[in-house]
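In: Show me the folded form of this:
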Amino acid sequence: MPQHKAPMKRMKTDKKRAARNNYVKRTLRTLSKKIHTDGLDADKKQEVLSEVYSQLDKAAKKGVIHARTASRRKSRLANWVNNESKAK
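Out: As a prediction, this is how the structure comes out:
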């Protein structure tokens, strides 16, 4: 446990940031799982895909994930959705 004020403040802010980061990552994971469910039609998948895009961009902007990681995930999800729509 730190003895000085500044490290105590740092611990407090680190805890808040970790909570925010975990929330954002959980949200991304949930949306990613949602898009992979079988019960969605093509239109609904496009809506969820645009929501995932938005959340990934926000996470990258906040620094929760790296910008290239967001870009890679968006690309992979788009490819998956397009292949699913072609298969049906």
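In: any idea which helix or strand comes after the longest helix along the chain?
Out: When the chain is parsed with DSSP state H, its longest helix is helix 5-35. Per DSSP states H and E, helix 5-35 leads on to helix 42-62 as the next helix or strand towards the C-terminus.
In: If we ignore the residues flanking it in sequence, what's nearest the residue positioned nearest the centre of the chain?
Out: The chain has L28 as the residue nearest its centroid, 3.0 Å off, counting by Cα atoms, centre = their mean. In space, L28 comes closest to Q55 once its chain neighbours are excluded; the distance is 5.8 Å by Cβ to Cβ, 6 or more residues apart in numbering. C-betas here are computed from N, CA, C, even on glycine.
In: Could you do K25 as well?
Out: V64 is the one closest to K25 (Cβ to Cβ, 6+ apart), at 6.7 Å.
In: That neighbour: neighbouring residues, count only.
Out: 21 (other Cβ atoms under 10 Å).
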